[in-house]
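> With the input below, show me the fold.
(one chain, ligands or ions: 1)
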Amino acid sequence: MFAAAGQAAILANPSPQLRSKLSSIPPVTPIFHKIIQEFADACASGSSGSYQRWANQVGDQSYTFNETLPYFQRSPQFTPPNYAKRGAGSEVLYDQTAFSSNGGPLQVSYSNFYQPVSSFIKQAFFNLGLQSLAGLNSGKLLGFSEFTLTIDPQAGTRSSSETSFMQEAIASSTLQVYQQTLAKNIVFDKRKTATGVNVVTAGTEYTLSATEEVILAAGVVC
Ligand SMILES: Cc1cc2nc3c(=O)[nH]c(=O)nc-3n(C[C@H](O)[C@H](O)[C@H](O)COP(=O)(O)OP(=O)(O)OC[C@H]3O[C@@H](n4cnc5c(N)ncnc54)[C@H](O)[C@@H]3O)c2cc1C
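Residues are numbered from 1 along each chain as shown. Coordinates of the predicted model:
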């Protein structure tokens, strides 16, 4: 993948001609992508081919892109680009059918600031012979497009797990959040059933007991 200024291109097995064109591009610090990352994450799907391979390998065709799409559509609420704010020449191809109007609460849209360098990068991708795609959310990734971002389209701030899923859960359930609290270990009974978690908040250790189950979601250790 080649990504810059919100534009991304997937290059699979580039031809020798394209390979030599690419090698003539001087290496640049991906500073524009980094700036966007500070505010919002890219929101893109895998390719339909990769899902088909997954389905074939596990022998279950319910893992194909089309079969899993309705599940992915539950999380994002898509808002088309705001051209009044982005300005002339910032038009972007996108596929609204990749999203559902019943989705949410994660806000997915485009940056209201269209980086001037983006139009040159688009032209560069065209000159390399790459195809312009209608977004990167429809299972087609061979070509280039502008990323959709996890971003509040009005405020232009990041739509995060906290602002979307967690705030909705707090508002609509009895979810209790223990802030600044570190999980030390899971507590198991004699039958090796998880019954709670030992935690520490501001130096005070205590046990949170589970009434139903313990779900471990502490991310990945790299
Ligand atoms: C630099 C970077 C860029 C990325 N960009 C993208 C992107 O553009 N698009 C995309 O889709 N994905 C992106 N990803 C991947 C995505 O962020 C992860 O796949 C996703 O956040 C994983 O979610 P998670 O809930 O499993 O874990 P996390 O989001 O890591 O959440 C785990 C949480 O558990 C907390 N925790 C850990 N240990 C304890 C403990 N002992 N006690 C209490 N709390 C604990 C952590 O503080 C953290 O808040 C990126 C990842 C990185 C690192």
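> Gly196 and the ligand, how far apart?
14 Å (CB to the nearest ligand atom, to the nearest Å). Where C-beta positions appear, they are placed from N, C-alpha and C, glycine not excepted.
> how about Arg53, phi and psi?
Phi and psi for Arg53, reported as degrees, to the nearest 10, are phi -60, psi -40.
> One more: the one 3 residues further on?
When read as degrees, to the nearest 10, the backbone of Asn56 gives phi -70, psi -40.
> Residue of the protein closest to the ligand, please.
Nearest to the ligand in the chain, going by CB to the nearest ligand atom, is Gly219, at a distance of 2.6 Å.
> What parts of this protein come near the ligand?
Residues of the chain lying close to the ligand by CB under 6 Å from any ligand atom are 41-42, 182-183, 217-219.
> For the residue of the chain closest to the ligand, grab the count of nearby residues.
Applying other CB atoms under 10 Å, we find 6 residues neighbouring Gly219.
> Which helix or which strand is home to it?
Using DSSP states H and E, Gly219 falls within no helix or strand.
> gap between it and Ala183?
Noted for Gly219: a distance of 12 Å to Ala183, by CB to CB, to the nearest Å.
> Derive a ChimeraX selection command for the buried subset of the residues of the chain next to the ligand.
Of those, the buried ones go into a single ChimeraX selection, burial set by 16 or more other CB atoms under 10 Å:
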select :41,42
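> Would you mind putting the residues of the chain next to the ligand into CSV with secondary structure and pLDDT alongside?
Output for the residues of the chain next to the ligand, formatted as CSV (DSSP: H, G, I helix; E, B strand; the rest coil; pLDDT from 0 to 100):
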residue, secondary structure, pLDDT
Asp41, coil, 86
Ala42, strand, 89
Leu182, strand, 97
Ala183, strand, 97
Ala217, coil, 91
Ala218, coil, 90
Gly219, coil, 87
